[in-house]
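J.: Take a look and give me a structure for this.
(one chain, ligands or ions: 1)
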Amino acid sequence: MIPACRALAALLVGLVAQAGAAQTALTGHGGPVKGLSRAGELILSASFDNSVGLWSLSGAHLRWLEGHAAAVNVAIGAGPGRLLSGGDDFDIIAWDTETGTALRHFTGHKGKVMGLALSPDGRRFASASWDGAVGLWDIDTGRLLGLEQAGSGAVNAVAFAGPDRLYSASADGTLRRWELGPEGLEPRRDVLRGGFGINVLVPGPGWLAYGTVDGHIGAIDLASEAPLAELALERTPVLALAATPSGALLAAGDGQGAITLVRTSDWTPLRAIPASGSGGPIWALAFLDETRLVAAGLAAHAVIWPVDGPAGPLFPGGAGPRFKVDAAGVSNGERQFARKCSVCHTLTPQDARRAGPSLHRIFGRKAGTLPGYGYSEALGSSDIIWSPETLDRLFDLGPEHYTPGSKMPMQRITRAQDRTDLIDYLRDATR
Ligand code: HEC
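T.: So this is what the prediction gives:
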């Protein structure tokens, strides 16, 4: 190599290394991050590990919020010192960000809560749920102002576009406009109908953008509700959508791990980066400012990426313990654990942040007695002693039948041999 080239190569390596350092990982969650947002000077992360993480804008961890009984899907700011989260436990919680305490639970949905949006005046918020309903709530009093079915499918997202105008997006392809009147929520018009399911919504100045299960990013003009743009990604669902504060740039995350950046002045895609090295999905995106994007997928951490930086994978390698299990030499029992349990349980005494308690020394332990873990009433008051026989029954019948009221999600392992192999593996691995 001639010297000038070497110097150039060194310079390039230096730039890449520097840009690599500009990427910051938000680590500490014990499961995938499903929702991200910016709230004032905070980044909020909603995780499969049942918690919400609070981080500084530079990515320093500040606090965990514990209170959901299942995976948290969404967390948004709700005025100074307050935020809202919604989860698989059908619950919505308002939190004090200073003390980390739950201020209020908003109960009424009968399905997973997937989306939340704050009204422009900050006094009300809307919720989207897989029970098929859109909810409207008063934040301060906790009052349910309206709960209305929206189309025939699950509702995935809600977005405000003005003080009294709300949009909902459903799995049946409906994009519905609602008006917030004295009677609560009133359906006004289906702007889109009968197309592919809509997963996500994001409002911008004068427009509303959406992403669909068949890989389209579309936008409507808010004044006329006429289509503004439609872009097709590669037939992979759009799972996450975020706009910069000015609305100049849109980022879309998809089911195959790419992040696509779109310029909204002419709705032109600028670049697509293979964000996930394993090809796993990108589940959550949020812009911190005009150039810094925070992204998350199957990994248990989020990454801050300067979008004008180099475009390598943000999540190189595999996706976490659950997905690295097809290597030869892994026993069936270990594979069962890795696939079906490891996302929620560790086997070591130092419990990493997981949704479930550590299974270290589980055999001989009375159910619901690991110190420091917040069990459900059902498990806390159970007389079960964990043994090969009781564990076998747990997954033969399923937690909802063997330990009714338990917050371990419904799951059965129907093949007796898989249960035996799993229990044999646990006997060794939990000692
Ligand atoms: C999605 C998360 C999740 C998955 C997956 C999961 N668990 Fe759990 N598990 C939990 C939670 C949460 C609890 C606590 C339940 C409660 O308090 O009601 C729990 C409790 C338990 C308990 C009782 C522990 C005790 O201290 O009493 C055992 C045993 C257990 N799980 C084993 C397993 C095994 C084995 C698998 C895989 C086949 C598995 N779990 C998969 C979340 C999960």
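J.: Run through who's touching stretch 389-403.
T.: 362, 367, 378-379, 382, 384, 406, 408-413, 416, 419-420, 422-423, 426 (Cβ atoms under 8 Å, 6 or more residues apart in numbering). The C-beta positions use only the backbone N, C-alpha and C, and glycine is treated the same way.
J.: of those, list those near the ligand.
T.: When contact is defined as Cβ under 6 Å from any ligand atom, the contacts of stretch 389-403 meet the ligand at 362, 367, 378-379, 406, 408-409.
J.: from those residues, which ones fall inside helices?
T.: In helices, defined here by DSSP state H, the members of these are 378-379.
J.: ok, back up a step: just the buried residues out of the contacts of stretch 389-403, in PyMOL syntax.
T.: To isolate in PyMOL the members of the contacts of stretch 389-403 that are buried, counting by 16 or more other Cβ atoms under 10 Å, one can use:
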select buried, resi 362+367+378+379+382+384+406+408+413+419+420+422+423+426
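J.: Tell me the pLDDT of the nearest residue in space to residue 132 that is not next to it in sequence.
T.: Spatial nearest neighbour of residue 132, chain neighbours left out: residue 149 (5.3 Å); criterion: Cβ to Cβ, 6 or more residues apart in numbering. pLDDT for residue 149: 93.
J.: pretty sure residue 175 contacts residue 210?
T.: Yes: using Cβ atoms under 8 Å, residue 175 is in contact with residue 210, at 6.5 Å.
J.: distance of residue 242 from the ligand?
T.: Using Cβ to the nearest ligand atom, to the nearest Å, residue 242 is found at 26 Å from the ligand.
J.: Let's see the helix or strand hosting that residue as PDB, backbone CA atoms only.
T.: If you go by DSSP states H and E, residue 242 is part of strand 238-243. The C-alpha coordinates for strand 238-243 follow below in PDB (Å, rounded to 0.1, in the frame of the first residue of the first chain):
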ATOM      1  CA  VAL A 238     -43.100  -1.900   9.600                       C
ATOM      2  CA  LEU A 239     -42.900  -2.300  13.300                       C
ATOM      3  CA  ALA A 240     -41.600   1.000  14.500                       C
ATOM      4  CA  LEU A 241     -41.900   4.600  13.200                       C
ATOM      5  CA  ALA A 242     -40.400   7.800  14.600                       C
ATOM      6  CA  ALA A 243     -40.200  11.400  13.400                       C
END
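J.: give me every residue that touches the closest residue to residue 221 other than its chain neighbours.
T.: The shortest distance from residue 221 to any non-neighbouring residue, by Cβ to Cβ, 6+ apart, is to residue 228 (4.9 Å). Applying Cβ under 8 Å, 6+ apart to residue 228 gives the contacts 207, 218-221, 267.
J.: so where's the stretch 1-150 of the chain uncertain?
T.: Residue ranges of the stretch 1-150 of the chain with pLDDT under 70: 1-22.
J.: The helix or strand hosting residue 230 pairs with which strands?
T.: In the assignment (DSSP H and E), residue 230 maps to strand 227-232. Looking at strand 227-232 with DSSP bridges, its partner strands are strand 216-221 (antiparallel).
J.: Could I get the average pLDDT for the strand holding residue 230?
T.: Mean per-residue pLDDT for strand 227-232: 91.
J.: Can you tell me which helices and strands whichever strand or helix holds residue 116 packs against?
T.: Here residue 116, judged by DSSP H and E, is contained in strand 113-118. On a contact count with 3 or more Cβ pairs under 8 Å, 6 or more residues apart in numbering; DSSP states H and E, strand 113-118 meets strand 72-77, strand 82-87, strand 124-129, strand 155-160.
J.: Redo these as a markdown table? Include mean neighbour count and distance to residue 239.
T.: Output for those, formatted as a markdown table (neighbours: other Cβ atoms under 10 Å; distance: least, Cβ to Cβ, whole Å):
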| stretch | mean neighbour count | distance to residue 239 |
| --- | --- | --- |
| strand 72-77 | 25 | 12 |
| strand 82-87 | 26 | 17 |
| strand 124-129 | 26 | 15 |
| strand 155-160 | 25 | 10 |
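J.: Out of these, the one nearest residue 299 is which?
T.: If you check each of those against residue 299 by Cβ to Cβ, strand 72-77 wins as the nearest, at 16.4 Å.
J.: Would that closest one count as contacting the ligand?
T.: No: Strand 72-77 stays clear of the ligand (Cβ under 6 Å from any ligand atom), getting no nearer than 12.1 Å.
J.: Just give the strands next to that strand in its sheet, each with its orientation.
T.: strand 82-87 (antiparallel).
J.: mind listing the helices in this protein by residue range?
T.: Using DSSP H, helices in the chain cover 3-22, 332-340, 377-380, 388-397, 399-402, 416-429.
J.: what angle sits between the second one and helix 388-397?
T.: Put plainly, it is helix 332-340. Angular relation of helix 332-340 and helix 388-397 on a 0 to 180 degree scale: 50 degrees, by axes from the mean of the first three to the mean of the last three Cα atoms, to 10 degrees.
J.: cool, and the last one?
T.: When the same axes, to 10 degrees is applied, the directions of helix 416-429 and helix 388-397 differ by 140 degrees.
J.: Can I get helix 416-429 in PDB, CA atoms only?
T.: What follows is helix 416-429, C-alpha atoms only, in PDB (Å, rounded to 0.1, in the frame of the first residue of the first chain):
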ATOM      1  CA  ALA A 416     -43.700 -35.400  27.800                       C
ATOM      2  CA  GLN A 417     -40.200 -36.000  26.500                       C
ATOM      3  CA  ASP A 418     -39.500 -32.300  26.200                       C
ATOM      4  CA  ARG A 419     -40.700 -31.800  29.800                       C
ATOM      5  CA  THR A 420     -38.500 -34.600  31.100                       C
ATOM      6  CA  ASP A 421     -35.500 -33.200  29.200                       C
ATOM      7  CA  LEU A 422     -36.100 -29.700  30.500                       C
ATOM      8  CA  ILE A 423     -36.400 -30.900  34.100                       C
ATOM      9  CA  ASP A 424     -33.200 -33.000  33.700                       C
ATOM     10  CA  TYR A 425     -31.400 -30.000  32.400                       C
ATOM     11  CA  LEU A 426     -32.700 -27.800  35.200                       C
ATOM     12  CA  ARG A 427     -31.700 -30.300  37.800                       C
ATOM     13  CA  ASP A 428     -28.100 -29.800  36.800                       C
ATOM     14  CA  ALA A 429     -28.100 -26.200  35.900                       C
END
